[in-house]
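S.K.: Below: sequence and its predicted model.
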Protein chains: 2
Amino acid sequence: MSATLKPRHETDSPKRLQILDAAANLFIAQGYGAVSMDAIARAAGVSKATLYAHFTSKDLLFATIIGEACRENLMGQWLTSLEDGALVTDVRAALTALGLGLLRLLLEERSLAIYRVVVAESVRFPELGRAFHENGPVQFRRAFGPWLDEQAKAGRLRAADPDVAADQFIGLLRSGLYLRAALGLPPAPTEAEIAATVTAAVDTFMRAFG
Amino acid sequence: MSATLKPRHETDSPKRLQILDAAANLFIAQGYGAVSMDAIARAAGVSKATLYAHFTSKDLLFATIIGEACRENLMGQWLTSLEDGALVTDVRAALTALGLGLLRLLLEERSLAIYRVVVAESVRFPELGRAFHENGPVQFRRAFGPWLDEQAKAGRLRAADPDVAADQFIGLLRSGLYLRAALGLPPAPTEAEIAATVTAAVDTFMRAFG
DNA sequence: GTCTATAGAAGGATAGAC
DNA sequence: GTCTATCCTTCTATAGAC
């Protein structure tokens, strides 16, 4: 339950990488309780003894893998789109591009699966909740807030608390569609629904802060 | 896995009610995988044989209990506040009262625990996702939408798609605080934070739809 | 209906050979 | 490091007595 959390390295043994990959797929898809160490060993093509030679417990393996999944930047990659030259002065276009990228990412099956696992196990594994929060909302605020301030200084947006505005933008994006998808309810979101949700979110945001 | 789902009745045997109560507390607090039938029997003060006499499988017991928890109206009780006479003509006050009631309810430890369990298990138990969605967002739309239409007809709100507006109001309420609480991250939300979140949500909503 | 006792399977973790 | 084989615990579910 307490040991060193080694991140993944290219120098890691092939077996270790096999274990990490197999366990990640299983844990992310099925959660902690539904996956056995037997199943992981089988999927990784190693014996259970080898598995335990690399990870001293199931808890440690789980925390390592899901923590790493959270740190693989849920949102960071999309924030750079705010720096796109053509969009700097067109607030609505910038928000729409950002919103589309973010919502598509949030609705990917892998993102949803990580969300389900983290929400389910964050009580027993508090470090997972912290990692998810830090790499999701917190990171978004850190990048989006300054951009909002910049736009406000340029007179293209009303001055407001940037953290609140950032949270509300995410909240608007996650309205409606997201919960349905997180619960796995059919029908799966269509690209048209995603676009409509983003448009509605940007409309509301611009009316409030434009 | 498939059997008749009997709801709770006053005519039910005391043992059955003991089982339902004990199992509900355990499942809601710890989820499906972490709770054993042994633990439920112990907490209910009955033997495992008695437990199985009432519920033919762990799956059935789990689905019965969580489904019932979803149908115990997560939101319905608060929608009546919209009919409060004094608030009919004061849109901002009505939204603030509604928002406070809803957000406080959503942040209760029991509501959060149900959310965690449903999100975690809705893939394996699709009926739970449906029950949660139907008794949460869908029911809210059904009550909030007509109220919005009414306000629009009275000229106190701008005409807009009531479903979208209802979803966005929930989205604004759940921005920031809610995810942190769902992940169990300290510090626990204070009443001041709740009030500030509601005020900010109503502000944004009124700027967009007022 | 309710209990004690237990079957039968699967779980996490380890010993010892190579 | 890696394997096979196995230990011990815990799990779901049931048989049989009252």
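M.R.: Now that the structure is in, tell me what you want to look at.

S.K.: And the strands in chain A?
M.R.: Taking DSSP state E to define them, one finds no strands in chain A.

S.K.: tell me the domain ranges of it?
M.R.: Domain assignment for chain A by automatic domain parsing gives A:14-70, A:73-209.

S.K.: quick one: contacts for the residue nearest to A:Val123 when sequence neighbours are not counted?
M.R.: Excluding the flanking residues, the one nearest A:Val123 by CB to CB, 6 or more residues apart in numbering or on different chains is B:Gly184, at 4.9 Å. For glycine as for every other residue, the C-beta is placed from the backbone atoms N, C-alpha and C. Listed by CB atoms under 8 Å, 6 or more residues apart in numbering or on different chains, the contact partners of B:Gly184 are A:122-123, A:126, A:129, B:112.

S.K.: Residue ranges in chain A under the pLDDT threshold?
M.R.: Applying pLDDT under 70 to chain A flags residues A:1-11, A:73-77, A:85-86.

S.K.: near DNA strand C, which residues of chain A?
M.R.: For chain A, the contact set with DNA strand C under CB under 7 Å from any atom of the strand comprises A:35-39, A:48-49, A:52, A:56-59.

S.K.: With neighbour count and distance to B:Arg116 added, can I get the residues you listed in TSV?
M.R.: Output for the residues of chain A next to DNA strand C, formatted as TSV (neighbours: other CB atoms under 10 Å in any protein chain shown; distance: CB to CB, whole Å):
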residue	neighbour count	distance to B:Arg116
A:Val35	22	18
A:Ser36	12	22
A:Met37	15	24
A:Asp38	10	27
A:Ala39	14	24
A:Lys48	13	30
A:Ala49	8	34
A:Tyr52	14	30
A:Thr56	13	27
A:Ser57	13	23
A:Lys58	17	20
A:Asp59	15	18
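
S.K.: ok so, going back, got the contacts of B:Gly184 as TSV, with distance to A:Ala22 columns?
M.R.: Formatted as TSV, these follow (distance: CB to CB, whole Å):
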residue	distance to A:Ala22
A:Ser122	23
A:Val123	26
A:Pro126	26
A:Gly129	25
B:Leu112	32
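
S.K.: Need the max-distance pair from those residues.
M.R.: For the contacts of B:Gly184, the farthest-apart pair by CB to CB is A:Pro126 and B:Leu112; their separation is 14.4 Å.

S.K.: Between these two, point out the one with more neighbours.
M.R.: Between A:Pro126 and B:Leu112, counting by other CB atoms under 10 Å in any protein chain shown, B:Leu112 is the more crowded of the two (19 against 14).

S.K.: From what I see, the more buried one and B:Leu179 are in contact.
M.R.: No: in this structure, B:Leu112 is not within contact of B:Leu179 by CB atoms under 8 Å, at 10.6 Å.

S.K.: Show me the helices in chain A, by range?
M.R.: Along chain A, the stretches classed as helices by DSSP state H are A:14-30, A:37-44, A:48-54, A:58-71, A:76-79, A:91-107, A:109-121, A:126-133, A:139-153, A:162-173, A:177-182, A:191-209.

S.K.: Near A:Pro146, how many other residues are there?
M.R.: 12.

S.K.: what's the answer for A:Asn25, then?
M.R.: Neighbours of A:Asn25 using other CB under 10 Å come to 17.

S.K.: can you pull the contacts of the nearest residue to it once chain neighbours are set aside?
M.R.: Spatial nearest neighbour of A:Asn25, excluding adjacent residues (CB to CB, 6+ apart): A:Ala43 at 7.3 Å. Listed by CB under 8 Å, 6+ apart, the contact partners of A:Ala43 are A:22-23, A:25-26.

S.K.: out of those residues, which one sits closest to DNA strand D?
M.R.: The shortest gap between DNA strand D and any of the contacts of A:Ala43 belongs to A:Ala22, at 12.4 Å (CB to the nearest atom of the strand).

S.K.: Which residues are in contact with the closest one?
M.R.: By CB under 8 Å, 6+ apart, the residues touching A:Ala22 are A:40, A:43-45.

S.K.: That one and B:Phe27, how far apart?
M.R.: Per CB to CB, to the nearest Å, A:Ala22 is found 29 Å from B:Phe27.

S.K.: how about the residue of chain A at minimum distance from chain B, phi and psi?
M.R.: Going by CB to the nearest CB, chain B is nearest to A:Gly33 of chain A, at 2.3 Å. Backbone dihedrals for A:Gly33, given as degrees, to the nearest 10, come out at phi -70, psi -30.

S.K.: How many residues are close by A:Pro186?
M.R.: 9.

S.K.: what do you get for A:Gly210?
M.R.: Neighbourhood size, A:Gly210 [other CB under 10 Å]: 16.

S.K.: from what I can see it touches A:Gly155, true?
M.R.: No: using CB under 8 Å, A:Gly210 is not in contact with A:Gly155; the gap is 11.1 Å.

S.K.: among the domains of chain A, which is nearest B:Leu103?
M.R.: The closest of the domains of chain A to B:Leu103 is domain A:73-209. By CB to CB, the value is 11.8 Å.

S.K.: what separates the spatially most distant residue from the centre of chain A from B:Glu109, distance-wise?
M.R.: Here the centre of chain A is the reference, and by CA atoms, centre = their mean the most remote residue is A:Ala49, at 32.7 Å. Here the distance between A:Ala49 and B:Glu109 works out to 42 Å (CB to CB).

S.K.: Next: A:Ala166.
M.R.: 27 Å.

S.K.: Enumerate every residue touching the residue nearest to A:Leu100 when sequence neighbours are not counted.
M.R.: Nearest in space to A:Leu100, with sequence neighbours left out and distances taken as CB to CB, 6+ apart, is A:Val198 at 5.2 Å. Residues in contact with A:Val198 (CB under 8 Å, 6+ apart) are A:96, A:99-100, A:103, A:173.

S.K.: that older thread, so of the helices of chain A, which one's packed in deepest?
M.R.: Of all the helices of chain A, helix A:162-173 carries the top mean neighbour count, a mean of 24, counting by mean count of other CB atoms under 10 Å in any protein chain shown.

S.K.: wait, does stretch A:58-74 contact chain B?
M.R.: No: judged by CB under 8 Å from any CB of the partner chain, stretch A:58-74 and chain B are separated, with a smallest distance of 10.8 Å.

S.K.: With that, I have no additional questions.
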